[in-house]
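Novice: okay, sequence plus prediction incoming.
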2 protein chains.
Amino acid sequence: MTPRSTRPTGKRATILDVAAAAGVSRQTVTRAMNDMAGISPDTRQRVQKIAAELGYTPSRFAKGLVQGARVSVGLAIPDLTNPYFPAFASSVVEAATGRGWNVVVDDYGHGTGSAADAAARLAPQVDALIGYLAPHADEAQALMGRRPVVALDSPGAGTAGSISFDYHHAARLALAHLASRGCTNIAFLDSDQGAPAGSRSAAAAAVALESGVQLTRFQAASSAAAAKAAVGVLAAGGRPVDGILAFNDLMAAGALKALQASGRAVPGDCAVIGMDGIPLGELLTPELTTLALDLRAVGRAAVGLLEGLLSGSLTEGSAEAHLILRHELVVRQSA
Amino acid sequence: MTPRSTRPTGKRATILDVAAAAGVSRQTVTRAMNDMAGISPDTRQRVQKIAAELGYTPSRFAKGLVQGARVSVGLAIPDLTNPYFPAFASSVVEAATGRGWNVVVDDYGHGTGSAADAAARLAPQVDALIGYLAPHADEAQALMGRRPVVALDSPGAGTAGSISFDYHHAARLALAHLASRGCTNIAFLDSDQGAPAGSRSAAAAAVALESGVQLTRFQAASSAAAAKAAVGVLAAGGRPVDGILAFNDLMAAGALKALQASGRAVPGDCAVIGMDGIPLGELLTPELTTLALDLRAVGRAAVGLLEGLLSGSLTEGSAEAHLILRHELVVRQSA
DNA sequence: TGGGGCAACGTGAACGTTCACGCAGCTGCT
DNA sequence: AGCAGCTGCGTGAACGTTCACGTTGCCCCA
């Protein structure tokens, strides 16, 4: 039917197939497809039409091989289901798209995957890597070789760049606020995932000590359901907690639900502070007081670091390549 | 310092640099790097060490050129900030990762971008495309040529595959439930984005007619804040609405907030039904009654369609390539 | 009438891998 | 002694593009 030229029907069309079908050379096809000069309007149209008919699509590999590659960055995320991460991912994608880069996302939360698996999958495909990689950030950097890795919330890792958070500062803000509300028996609801769990509760404990606040720590998986269950147990037994600081807003939401389910008023009987500052917090009842991060700034910073590292204007491991960001207390209704 | 061989310091190391430094041939380096047979353990180790020292990383372009490409699929999303989309994206990423594919994500919601922009960015980079592309699905398919596109919620588009939703069915479920609760003056809070806005409100209107329910339709942007504002206006004037069906859970959450802010009880004074069934709904107070989609199934289905289309076991445009999924009513507290 | 210049098109080379061979040298069996 | 077979390694070719030149034909002006 359609004149398929000599192409063996089944393999994809190459530039040579188009050239043959149009009776021109490779280069002329290139000129037509890429809107380059040095070709007559007639020929251009004719070639484009034939290319479309043949279903010709230039090979991104051949193109990448001969032209310098377009930067593509890997984004390793533990769980797109936790609203914190899409909020972060969104800002990374935005910043990357603005630079003409593209982003390959890997969510290693499904099944039993670890950050190391994600890094292994991404490494052969990308020029740089951003991610919540703890506790496998070093392994990820090894897999990437010279190519830069920016690790989030993974302090002390040997990656080219990193962004960490000042949990001492966060704990100070939160505990001071809870104390000023009259809370005396405060619980720190930590996540059992990621690396710096130890550092976080250590920070919270240290700050509690200096400010003379009674602080107990307990752990749960980083989800609303797990937090709910944990707080349910907590609320049931012993001396009642009158303030909860959660490791993220999702866990705080779960805590809220559990408290309400057990008939305790928030913030009346127990105040709750979250962490992250995701939009979810404003939708809850009561609206969530939280330690907010400027999430768009975090994504921008990560991509900015990568840009510096890739261009060489930032040397890997240098002080400027390791940012420490601070949370800000946003007081709403829950505390 | 380190013996950099003849490599011009600055260009990236190639397989030839490694071969020269190790005093072996290209092929032996290949054998060492890819754990192939036909090489002595000693040589393998030596070559791997030298490769690491030189920071050698095989070019994914050269590799892709000579071996059949690893499938990479584009995922075009309007707004990662709306929790529906990460939930969907998460299941797509999971299904794709399971097949050894990788996923390039483009969020075209930032700035003034449209689905067409996202498709244009992704087209040169991927072998297939999944996305909420309305109303530019046809354009996206054109950009992709023969490569398959699976469009979501974009019925009637000329894409190779599609997944649509039965809004008549959804409207029937919701309106019947609201009617059974005694609601008589119901509002449909539609989104002003995407293509099938018309079809959705048409479906709702049709169903309202058959069931003899009074239905007014109003529109807002697809965010909690916009929904809040819209409902605020609605609640202020005229005859009070006693039931709201929102286009998605995020808008429903906004509606909830607005109603409560204006002192109206939910569901006492006004019932609210959302759409999507994202986890957020369970965290709200009252918990959100919603028309739920099995989101993981949607992602699996999209990737499954793509697999069929890529392998040729599914012919593009055939009936089996166009799925229609149904929502299920999950009754919680808000209606 | 010669030739400078431009428009339109073609050709060798290069990008960095892997594939499919080929070729030594050694081992062990008949 | 002869040779098949294995181990370990090397070489030409191919993948599909673009870059940097060449080459042709034609117009126009001195």
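Specialist: Good, I have the coordinates.
Novice: could you use CA atoms for every contact and neighbour count after this?
Specialist: OK.
Novice: name the helix or strand for whichever residue of the stretch 101-250 of chain A sits closest to chain B, please.
Specialist: Of all residues in the stretch 101-250 of chain A, A:Val104 sits closest to chain B, at 4.3 Å by C-alpha to the nearest C-alpha. If you go by DSSP states H and E, A:Val104 is part of strand A:102-107.
Novice: what of A:Asp117?
Specialist: Using DSSP H and E, A:Asp117 falls within helix A:115-122.
Novice: in that helix, what counts as buried?
Specialist: Within helix A:115-122, the residues scored as buried using 16 or more other C-alpha atoms under 10 Å in any protein chain shown are A:115-119, A:121-122.
Novice: one more: stretch A:100-112?
Specialist: Applying 16+ other C-alpha under 10 Å to stretch A:100-112 flags A:102-110 as buried.
Novice: stretch A:24-38 now?
Specialist: Here stretch A:24-38 shows A:26, A:28-33 as buried, counting by 16+ other C-alpha under 10 Å.
Novice: next, see if it gets close to chain B.
Specialist: No: between stretch A:24-38 and chain B, judged by C-alpha under 8 Å from any C-alpha of the partner chain, nothing touches; the nearest distance is 12.0 Å.
Novice: ok, then the element right after the worst-scoring helix or strand of chain A on mean pLDDT?
Specialist: Using mean pLDDT, DSSP states H and E, the weakest-scoring helix or strand in chain A turns out to be helix A:197-211, at a mean of 80. Moving toward the C-terminus from helix A:197-211, the next helix or strand (DSSP H and E) is strand A:214-220.
Novice: average model confidence for that next one?
Specialist: Averaging pLDDT along strand A:214-220 yields 87.
Novice: pLDDT on the helix or strand just after it, on average?
Specialist: Later in the chain than strand A:214-220, the nearest helix or strand by DSSP H and E is helix A:224-236. Per-residue pLDDT values across helix A:224-236 average out to 87.
Novice: and whichever helix or strand comes after helix A:224-236, anywhere near chain B?
Specialist: Scanning forward in sequence from helix A:224-236 by DSSP H and E, the next helix or strand is strand A:243-246. No: Strand A:243-246 lies out of reach of chain B by C-alpha under 8 Å from any C-alpha, never closer than 15.4 Å.
Novice: what's strand A:243-246 in contact with?
Specialist: Where contact means C-alpha atoms under 8 Å, 6 or more residues apart in numbering or on different chains, the residues beyond strand A:243-246 that reach it are A:174, A:178, A:183-190, A:252, A:270-275.
Novice: try stretch A:275-290
Specialist: For stretch A:275-290, the external contacting residues (C-alpha under 8 Å, 6+ apart) are A:83-84, A:87, A:246-249, A:252-253, A:266, A:272-274, A:291-295, A:327, A:329-335, B:253-254, B:257, B:280, B:283-285.
Novice: got the CA coordinates for that stretch in PDB?
Specialist: What follows is stretch A:275-290, C-alpha atoms only, in PDB (Å, rounded to 0.1, in the frame of the first residue of the first chain):
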ATOM      1  CA  MET A 275       6.900  19.600  60.500                       C
ATOM      2  CA  ASP A 276       7.300  20.500  56.800                       C
ATOM      3  CA  GLY A 277       4.600  23.000  56.200                       C
ATOM      4  CA  ILE A 278       2.900  21.200  53.400                       C
ATOM      5  CA  PRO A 279      -0.500  22.600  52.200                       C
ATOM      6  CA  LEU A 280      -2.300  19.700  53.800                       C
ATOM      7  CA  GLY A 281      -1.900  21.300  57.200                       C
ATOM      8  CA  GLU A 282      -4.300  24.100  56.400                       C
ATOM      9  CA  LEU A 283      -7.000  21.700  55.500                       C
ATOM     10  CA  LEU A 284      -7.100  19.800  58.700                       C
ATOM     11  CA  THR A 285      -9.400  20.700  61.600                       C
ATOM     12  CA  PRO A 286      -7.900  22.200  63.700                       C
ATOM     13  CA  GLU A 287      -5.400  23.700  61.200                       C
ATOM     14  CA  LEU A 288      -2.000  22.400  61.900                       C
ATOM     15  CA  THR A 289       0.700  24.500  63.600                       C
ATOM     16  CA  THR A 290       3.900  23.400  61.900                       C
END
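Novice: and that stretch, how far from the chain's centre?
Specialist: In this view, stretch A:275-290 has its centroid 19 Å away from the chain centroid, taken as C-alpha atoms, centre = their mean, to the nearest Å.
Novice: related to what we said a few turns ago, avg pLDDT for the helix holding A:Asp117?
Specialist: Across helix A:115-122, pLDDT averages out at 95.
Novice: and what of stretch A:39-49?
Specialist: Taken as a whole, stretch A:39-49 carries a mean pLDDT of 95.
Novice: quick one on the thing from earlier: tell me the angle of the strand holding A:Val104 relative to strand B:102-107?
Specialist: Inter-element angle recorded for strand A:102-107 and strand B:102-107: 110 degrees (by axes from the mean of the first three to the mean of the last three C-alpha atoms, to 10 degrees).
Novice: other SSEs contacting strand A:102-107?
Specialist: strand A:72-77, helix A:84-98, helix A:115-122, helix B:84-98, strand B:102-107 (3 or more C-alpha pairs under 8 Å, 6 or more residues apart in numbering or on different chains; DSSP states H and E).
Novice: chain A: strands as residue ranges?
Specialist: With strands called from DSSP state E, chain A shows them at A:72-77, A:102-107, A:128-131, A:149-152, A:161-165, A:185-191, A:214-220, A:243-246, A:271-276, A:289-292, A:322-325, A:328-330.
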